[in-house]
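K.L.:
structure for the following, please:
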Amino acid sequence: MKKICMIGNGIHARQNIIPSMRELNIGIDAIASEYLDNQKEFDGIKCYSDYKEMLEKEQPNIVLVCKTAENQYRIAKDCLDFGIEKLFVEKPMGMNSIEAKELQELANSKNCQVMVGFMKKFSPCYLKMKEIMNSSEFGKIKQFNAEFYITSGRAGWNNEIFLKKGGIHFVNLLVWLFGEVEEVKSFSNSIDNNVSLTSIIKFKNGVVGNINFVGLSSWKGKREQITITGENGYVYNDGVRSVHYHLDQNITRGNRWQTLDEEEITIKPYLTSASGGVQDLYLHGYIGEIKSFIEENTYDEDNVDTMELIDTILNSL
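P.N.:
A predicted model of the protein is given here:
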């Protein structure tokens, strides 16, 4: 049986990663965090305050890293140098494309399977969007419009930090959906940690569109949305809870406005009063990403492409 260890026990680890593993009946043999000093157990899991000590004593096959963004490059490098088989690292794995490439090359040299925590592409909502937009009925993809709005207030969250810690998920989605980027133009109306940033992006496959990043007190909640237009249809999402799409029915008779010919289909999850909080782990993609990490043998190479696109957006301002 493979031994699994975790580095980090912050809010994200406690609320999303550990519960997802438990939902999948995946055990954690030990967890390391400086906040667990002098503790023998955390939530029933054996504890260490030093992750290097944990690696040496536990000799894990699989490690999950869930630390602050600035520390993950160093910790991921230590794990790769240690020689583990599989490594999961929360986004970002490296604070720029140079660090991301270095870790990718090191992982390849160590024959270590690595996944970066871009959970949205495991969300049923975005998986369905990709299925629809890649269908023959949808036609050639032409354009997109994307929005990611959250509240401001985090100290130091300027354009760069906002993109690398918050908006990075949507940057990764664009790479996952549309592939390689050809050209980027960006405009900013940001002041300190009040972020207002728009990028116009052209992909090598011809797809064009814009993405708006907003981190302002106006948005106490969160808004995320992508609309994708093809030659024969469109598809858009309402967060991670519904997908709406329309495919042209190619009806040629006149006065179509007199009939009920046009059809927009809405797909939603089946939620009941007994769904529980675990429903969010499924809908946001956390359970899907952990399941894929444990069961599949793939390297998450779009991490480098994601960091390169972020660097390009920032350099285009």
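K.L.:
so where's the stretch 101-250 of the chain uncertain?
P.N.:
Counting by pLDDT under 70, the stretch 101-250 of the chain shows low-confidence ranges at 153.
K.L.:
show me where it has strands.
P.N.:
For the stretch 101-250 of the chain, the strands defined by DSSP state E, counting those that start in this stretch cover 113-116, 141-150, 181-188, 195-203, 208-215, 223-230, 233-237, 243-247.
K.L.:
tell me which other helices or strands the third one touches.
P.N.:
This means strand 181-188. In terms of contacts (3 or more CB pairs under 8 Å, 6 or more residues apart in numbering; DSSP states H and E), strand 181-188 is packed against strand 195-203, helix 302-315. (C-beta placed from N, C-alpha, C; glycine too.)
K.L.:
cool, the fifth one as well?
P.N.:
Other elements packing on strand 208-215 under the criterion 3+ CB pairs under 8 Å, 6+ apart are strand 141-150, helix 159-165, helix 168-178, strand 195-203.
K.L.:
turn these into TSV, including mean neighbour count and distance to Trp257.
P.N.:
As requested, the helices and strands packed on strand 208-215 are exported to TSV (neighbours: other CB atoms under 10 Å; distance: least, CB to CB, whole Å):
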stretch	mean neighbour count	distance to Trp257
strand 141-150	19	24
helix 159-165	21	43
helix 168-178	22	33
strand 195-203	20	34
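K.L.:
determine which of these approaches Glu296 most closely.
P.N.:
Relative to Glu296, the nearest member of the helices and strands packed on strand 208-215 by CB to CB is helix 168-178, separated by 15.6 Å.
K.L.:
touching that closest one from outside, list them.
P.N.:
Outside helix 168-178, the residues that touch it by CB atoms under 8 Å, 6 or more residues apart in numbering are 91-92, 118-121, 126, 129-130, 133, 141, 144, 146, 148, 163, 181, 201, 203, 205, 207, 211, 213, 224, 226, 228, 302-303, 305-306, 309-310, 313.
K.L.:
at 6 Å what do you get?
P.N.:
91-92, 118, 120-121, 148, 203, 207, 302, 305-306, 309-310 (CB atoms under 6 Å, 6 or more residues apart in numbering).
K.L.:
tell me the most packed of these, by neighbour count.
P.N.:
The most crowded member of the contacts of helix 168-178 is Thr306, carrying 28 neighbours; neighbours defined as other CB atoms under 10 Å.
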